[in-house]
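Visitor: just to be clear, the model below is a prediction. Sequence and coordinates:
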Amino acid sequence: MSEANLSFYEFQRVNQIRCEKGFKSAVSDWNALEWAGALCGEAGELANLCKKLRRGEHVDIMDLSDEIADVFTYLDLLATSLGISTGAAIASKFNRVSAKRGCPEITV
């Protein structure tokens, strides 16, 4: 599968496998608070880069891209640990907000 065509479902599937094989740890080995803590750590790293951008400092776009990917990866592992489909959750919430904001035709 190409990067451009990666689905939420496929990412969640392989992310769990990589957690188990690559890190020798089942997703269930950490509780939701531990996954949320890891997510917040990555979000903090991303926020720090964005702060540097705001101050006019040079920030490599690849570093931003990597931190965004790290945030999403941990968010997905948190969802998996709670038995939540990342794609279904995002689509459901997006569609409800679209309807609430008066643009119900804009759905995923």
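Guide: Looks like it arrived, so ask away. Numbers count the residues shown, from 1 in each chain.

Visitor: quick one: residue 69 and residue 76, what's the gap?
Guide: Distance of residue 69 to residue 76, given as Cβ to Cβ, to the nearest Å: 10 Å. (Each C-beta comes from the backbone N, C-alpha and C, glycine too.)

Visitor: give me the more crowded residue out of the two.
Guide: Just comparing residue 69 and residue 76: by other Cβ atoms under 10 Å the higher neighbour count belongs to residue 76, 22 against 12.

Visitor: secondary structure element for that one?
Guide: Assigning secondary structure by DSSP states H and E places residue 76 in helix 61-81.

Visitor: next structured bit after that helix?
Guide: Using DSSP H and E, the helix or strand that follows helix 61-81 in sequence is helix 86-100.

Visitor: if we can go back for a sec, check which helices and strands the helix holding residue 76 is in contact with.
Guide: Using 3 or more Cβ pairs under 8 Å, 6 or more residues apart in numbering; DSSP states H and E, the elements in contact with helix 61-81 are helix 8-22, helix 32-54, helix 86-100.

Visitor: make a markdown table out of these and add mean neighbour count and mean pLDDT.
Guide: Converted to a markdown table, the helices and strands packed on helix 61-81 look like this (neighbours: other Cβ atoms under 10 Å; pLDDT from 0 to 100):
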| stretch | mean neighbour count | mean pLDDT |
| --- | --- | --- |
| helix 8-22 | 14 | 96 |
| helix 32-54 | 14 | 98 |
| helix 86-100 | 13 | 97 |
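
Visitor: take the ones you listed and write them to TSV, including distance to residue 65.
Guide: Formatted as TSV, the helices and strands packed on helix 61-81 follow (distance: least, Cβ to Cβ, whole Å):
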stretch	distance to residue 65
helix 8-22	16
helix 32-54	10
helix 86-100	19
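
Visitor: find me the pLDDT at residue 5, would you?
Guide: The model reports residue 5 with a pLDDT of 87.

Visitor: quick one, what contacts residue 90?
Guide: Residues near residue 90 by Cβ atoms under 8 Å, 6 or more residues apart in numbering: 8, 108.
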